[in-house]
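A.B. asks: Okay, sequence plus prediction incoming.
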Amino acid sequence: MDQKTSLITLTDVAEAAGVGESTVSRVLRNHGSFSEKTRMRVMEAVERLGYVPNRIAGALASTGTPLVAILVPSLSNIVFADLMSGITRTLEARQRQAVFAVTDYDPEKEEALVAAVLAWRPAAVMLVGLEHSEGTRRMLRASGCRIVELLDIDGEPLDIAVGFSHRAAGRETAARLVAAGRSKIAYVGHDLERDTRSAKRFSGFLEGLAAAGLTLAAREICDAPSSVGAGKAGLAALLARHADLDAVYFSNDDMALGGYFHCLAVGLSVPGDLSLIGFNALDICRHTPQPIASVLTPRIETGQRAAELFLNDAPAQTLDLGFTLIPGGTL
């Protein structure tokens, strides 16, 4: 039969160790006066009882919580895994604890999650992107904690923004395709309404084409999250309508990898018949038979630098970490 467990409290530890609760608190915080013998008695009781200190309650009663809330659009995209890796390594070195939530690119869900995490009074809230609902922005402004917006600097941040310009990346991509002699250039992308950063890249890409006196030859937008399958199907549908294209820009590397697989399947020469370029420079795209041209983004560094700015109580600012276009073997 299952037996319900009972919560072990500070009082239980104090009774087991034969000391007062304030003494247990001093030992656990390693602050104040107590003998080594007392410390050993308290820690033996903690270990025997399996006591876990209530850090949230302790922080609220003193100088602030060690929690940092991080909201990301997805856990299936390695971009955000890299970002969180950079954040957590830096936070853990300073005894800060990260808690995560996933928004699924949904502004309403993001708003609900922001309300939930703010109830825990985190020291900081980190979010991907600069676009939020008015309700989210209102709560964040009134929260009293540091706000760090990540992977985008195309806009006005609430506090600290760390990342790069998606519009500039789009313009640079267009310029590279034009410099490679391509003129019948198309786009294959995913949901631009929900993924605002992809929409900014696409806008910058159109600006880059216009600067060269060109217009977009065609586009194929899938009404779904980005994926290898969506990229493959998207390029197939695009080429069925426009067989004379000489280059395709994909919203990210997942989509570009699918497009590359389609070219392999139907015998299209890359880049002879068709140039392909993606975004993010994922590791898998560096190891295809022809490395896929892409834009290398500073995901881990963004997480590290963002965490450092928060931990060092830096003033409000925008930090541009830039990007690097990698020609690969498909441009």
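C.D. replies: In hand now; what should we look at?

A.B. asks: quick one, strands of the stretch 51-200 of the chain?
C.D. replies: Remark: strands assigned in the stretch 51-200 of the chain by DSSP state E, counting those that start in this stretch are 67-72, 97-102, 124-128, 146-150, 160-163, 185-189.

A.B. asks: okay, those in CSV with distance to H287, mean pLDDT and mean neighbour count next?
C.D. replies: Any C-beta I mention is one placed from the backbone N, CA and C, and that applies to glycine too. Output for those, formatted as CSV (distance: least, CB to CB, whole Å; pLDDT from 0 to 100; neighbours: other CB atoms under 10 Å):
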stretch, distance to H287, mean pLDDT, mean neighbour count
strand 67-72, 25, 95, 24
strand 97-102, 28, 93, 16
strand 124-128, 26, 97, 25
strand 146-150, 27, 97, 24
strand 160-163, 26, 98, 26
strand 185-189, 22, 98, 26
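
A.B. asks: would you list those strands in TSV and tack on distance to L209?
C.D. replies: What follows is these, written out as TSV (distance: least, CB to CB, whole Å):
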stretch	distance to L209
strand 67-72	31
strand 97-102	34
strand 124-128	27
strand 146-150	28
strand 160-163	24
strand 185-189	7
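
A.B. asks: Tell me which of the ones you listed lies nearest to V266.
C.D. replies: Of all the strands of the stretch 51-200 of the chain, it is strand 185-189 that lies closest to V266, at 15.1 Å by CB to CB.

A.B. asks: Can you list the helices and strands that that closest one packs against?
C.D. replies: Judged by 3 or more CB pairs under 8 Å, 6 or more residues apart in numbering; DSSP states H and E, the packing partners of strand 185-189 are helix 166-179, helix 196-211, strand 218-221, helix 228-241, strand 247-250, helix 253-266.

A.B. asks: Most tightly packed of these?
C.D. replies: strand 247-250 (a mean of 30; mean count of other CB atoms under 10 Å).

A.B. asks: Please name every helix or strand in contact with that one.
C.D. replies: Right, strand 247-250 is packed against helix 166-179, strand 185-189, helix 228-241, helix 253-266, strand 275-277 by 3+ CB pairs under 8 Å, 6+ apart.

A.B. asks: can you tell which of the ones you listed is closest to W120?
C.D. replies: Comparing the helices and strands packed on strand 247-250 by their distance to W120 (CB to CB), the top pick is helix 166-179, with 31.0 Å.

A.B. asks: Would you mind writing the CA trace of the closest one as PDB?
C.D. replies: Below are the C-alpha coordinates for helix 166-179, written out as PDB (Å, rounded to 0.1, in the frame of the first residue of the first chain):
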ATOM      1  CA  HIS A 166      17.900  39.500 -37.600                       C
ATOM      2  CA  ARG A 167      17.200  42.200 -40.200                       C
ATOM      3  CA  ALA A 168      20.900  42.700 -40.800                       C
ATOM      4  CA  ALA A 169      21.300  38.900 -41.100                       C
ATOM      5  CA  GLY A 170      18.600  38.900 -43.800                       C
ATOM      6  CA  ARG A 171      20.100  41.800 -45.700                       C
ATOM      7  CA  GLU A 172      23.600  40.200 -45.600                       C
ATOM      8  CA  THR A 173      22.200  36.900 -46.800                       C
ATOM      9  CA  ALA A 174      20.500  38.600 -49.800                       C
ATOM     10  CA  ALA A 175      23.800  40.400 -50.600                       C
ATOM     11  CA  ARG A 176      25.800  37.200 -50.600                       C
ATOM     12  CA  LEU A 177      23.400  35.500 -53.000                       C
ATOM     13  CA  VAL A 178      23.500  38.400 -55.300                       C
ATOM     14  CA  ALA A 179      27.300  38.500 -55.100                       C
END
